[in-house]
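# fold the stuff below for me.
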Amino acid sequence: MTFTTSDEPTSPTAAFATITADPTEVEADGDAASTITVQLYEADETPLTEGGDEVTLSTDLGELTAVTDNADGTYTAELRSAEEGTATVTGTSNGEPIDDQAAVTFTTTGDPTSPTAAFATITAEPIEVEADGDAASTITVQLYEADETPLTEGGDEVTLSTDLGELTAVTDNADGTYTAELRSAEEGTATVTGTLNGEPIDDQAAVTFTTVAPVIASVEVSPELDTLHALGSTLQFTAVARDADGAEISDVTFTWSVEAESVAVIDTDTGVATSVENGETTVTATADGVSGTASLTVDQRVATLNLTKECVGGLETCNPSPPSTTRSRSWPTRATRTGIRSTRRTSFGRAATPRWRRWTTPGWSPRSGTGPRRSARRPTTPRPRSTSRFSRK
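Below you'll find the predicted structure:
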């Protein structure tokens, strides 16, 4: 049989001792402190309510004050550090290492009135902008103090950047806000980021650029006034849409109609009108609920007149050729005399001055000038009267 000796149930044991820190985050200024507390327990895990035990504490960052016995089973000390980082606090109870430990984080927050990038905000107004390169969104950076109070003065260095579009220079408004304008001629979403005194700002803003269809304010139809002079003839109408500033809007689809289809009809898609009957009608072009009109007149006119005649009385022909009134005369093909005298008569029947006709001898050509020359001499002796058709009568 084996006999063992156990500790008194009221004796503290390091296995159940706890080490805690409050607060666990402290400013690393060498002045702010975290209180380290050791709670001892009896062997049955009942918290000890009296002091008198030997408790030590140690840290790997900062400095600990001496351990104070609070005579209620707890032991305390204060931990401070001027250096940023996380301190791990360990301890012993009556020379035995305590299994538990505590961690304290030391940070530098700086002057509480100084702005910090962690609390700065970046906003955009509006967040949806037309992508025309002219419309802009105003980007605003609001700075805050370390205690999250909005800063009310300027003087800090703020920069902004974007992955879409262009930003203007940042303006210091001297009230804790900084602004710039963002524009883009390209569709998409721009993400705007910034820095404060060289440190990245945690916040960011998004602006969406979209292409907005222009609004049609008026429709112009041409020709404004026209006339068709034949039934079944066609006329092409065209239309132009304009915005409120009078600028032409492209890629607009129009629907065409006429007021009086008894006068003319029109292709609803192409705007080609076809005349039907004499009269007047109105041609209308409509796009997005906005209409424009023009006037069309149909005035049929005679363009050609075809005349026909009928044969009556049993005539063999309806268009007999009229008798010829031209007298046929024949002339000699050769001249056998050097000259022939002819006589003309006046309208009163009297003989006119004789005229001599000149004839060429055979073989002579007036165009080439070759052959025997023609004679220009008059007969030297009177010719006897003759009954020839070439003689004087």
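# run through this structure and note the low-pLDDT ranges.
Across the chain, the ranges flagged by pLDDT under 70 are 1-10, 109-113, 308-393.
# work out which residue lies at the spatial centre of it.
In the chain, the centroid-proximal residue (C-alpha atoms, centre = their mean) is residue 211; its distance is 5.9 Å.
# I'd assumed residue 102 was in contact with residue 89.
Yes - taking contacts as C-beta atoms under 8 Å, residue 89 lies within contact range of residue 102: 4.5 Å. (Each C-beta comes from the backbone N, C-alpha and C, glycine too.)
# shared neighbours of the two, anything?
19, 21, 36 (C-beta atoms under 8 Å, 6 or more residues apart in numbering).
# helices or strands up against the helix or strand harbouring the first one?
Secondary structure from DSSP states H and E places residue 19 in strand 18-22. Contact partners of strand 18-22 among helices and strands, from 3 or more C-beta pairs under 8 Å, 6 or more residues apart in numbering; DSSP states H and E: strand 33-39, strand 85-93, strand 102-107.
# would CSV of those strands with mean neighbour count and distance to residue 77 be doable?
Output for the helices and strands packed on strand 18-22, formatted as CSV (neighbours: other C-beta atoms under 10 Å; distance: least, C-beta to C-beta, whole Å):
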stretch, mean neighbour count, distance to residue 77
strand 33-39, 21, 5
strand 85-93, 18, 9
strand 102-107, 19, 11
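# TSV for those, including distance to residue 268?
Below are those laid out as TSV (distance: least, C-beta to C-beta, whole Å):
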stretch	distance to residue 268
strand 33-39	84
strand 85-93	79
strand 102-107	75
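# quick one: residue 153 and residue 108, what's the gap?
Separation of residue 153 from residue 108 (C-beta to C-beta, to the nearest Å) stands at 22 Å.
# so residue 168 makes contact with residue 162?
No - look at residue 168 against residue 162 with C-beta under 8 Å: they stay out of range, at 10.9 Å.
# name the residues contacting each of the two.
residue 182.
# out of the two, which sits in the more crowded spot?
Neighbours were counted for residue 168 and for residue 162 using other C-beta atoms under 10 Å; residue 162 has more, 20 against 14.
# check contacts around that one.
Residue 162 neighbours (C-beta under 8 Å, 6+ apart): 182, 190, 191, 192, 193.
# list buried residues within those.
182, 190, 192, 193 (16 or more other C-beta atoms under 10 Å).
# apart from its chain neighbours, what residue comes closest to the first one?
The shortest distance from residue 182 to any non-neighbouring residue, by C-beta to C-beta, 6 or more residues apart in numbering, is to residue 137 (4.9 Å).
# so for the helix or strand containing the one you found, what gets flagged as buried?
Using DSSP H and E, residue 137 sits in strand 136-142. Of the residues in strand 136-142, 136, 137, 139, 140, 141, 142 count as buried by neighbour count, 16+ other C-beta under 10 Å.
# returning to what we had before: can you show me the CA trace of the strand holding residue 19 as PDB?
Extracted in PDB, the C-alpha atoms of strand 18-22 (Å, rounded to 0.1, in the frame of the first residue of the first chain):
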ATOM      1  CA  THR A  18      -4.700  33.600 -14.000                       C
ATOM      2  CA  ILE A  19      -3.000  36.700 -15.500                       C
ATOM      3  CA  THR A  20      -5.200  39.400 -17.100                       C
ATOM      4  CA  ALA A  21      -4.500  42.900 -18.500                       C
ATOM      5  CA  ASP A  22      -6.800  45.900 -18.600                       C
END
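# returning to that earlier point: ok, the shared contacts of residue 89 and residue 102 vs residue 43, which is closest?
Distance ranking of those against residue 43, using C-beta to C-beta, places residue 19 first at 18.7 Å.
# surely that closest one touches residue 36?
Yes - Residue 19 lies in contact with residue 36 (C-beta under 8 Å); the separation is 6.6 Å.
# secondary structure class for the closest residue to residue 262 other than its chain neighbours?
Distance criterion C-beta to C-beta, 6+ apart; nearest residue to residue 262, sequence neighbours excluded, is residue 277 at 5.8 Å. Here residue 277 is coil, with the state taken from DSSP: H, G, I helix; E, B strand; the rest coil.
# how close does residue 277 sit to residue 296?
12 Å.
# next: residue 90.
102 Å.
# now swap in residue 197 and tell me
Separation of residue 197 from residue 296 (C-beta to C-beta): 74 Å.
# between the shared contacts of residue 89 and residue 102, which sits nearest residue 292?
Nearest to residue 292 among the shared contacts of residue 89 and residue 102, with distances taken as C-beta to C-beta, is residue 21, at 81.5 Å.
# and the closest one, how many neighbours does it have?
19.
# pretty sure it sits against residue 104.
Yes - in this structure, residue 21 is within contact of residue 104 by C-beta under 8 Å, at 4.9 Å.
# please enumerate the shared neighbours of these two.
34, 36, 79, 89.
# distance of the first one relative to residue 62?
Separation of residue 34 from residue 62 (C-beta to C-beta): 9 Å.
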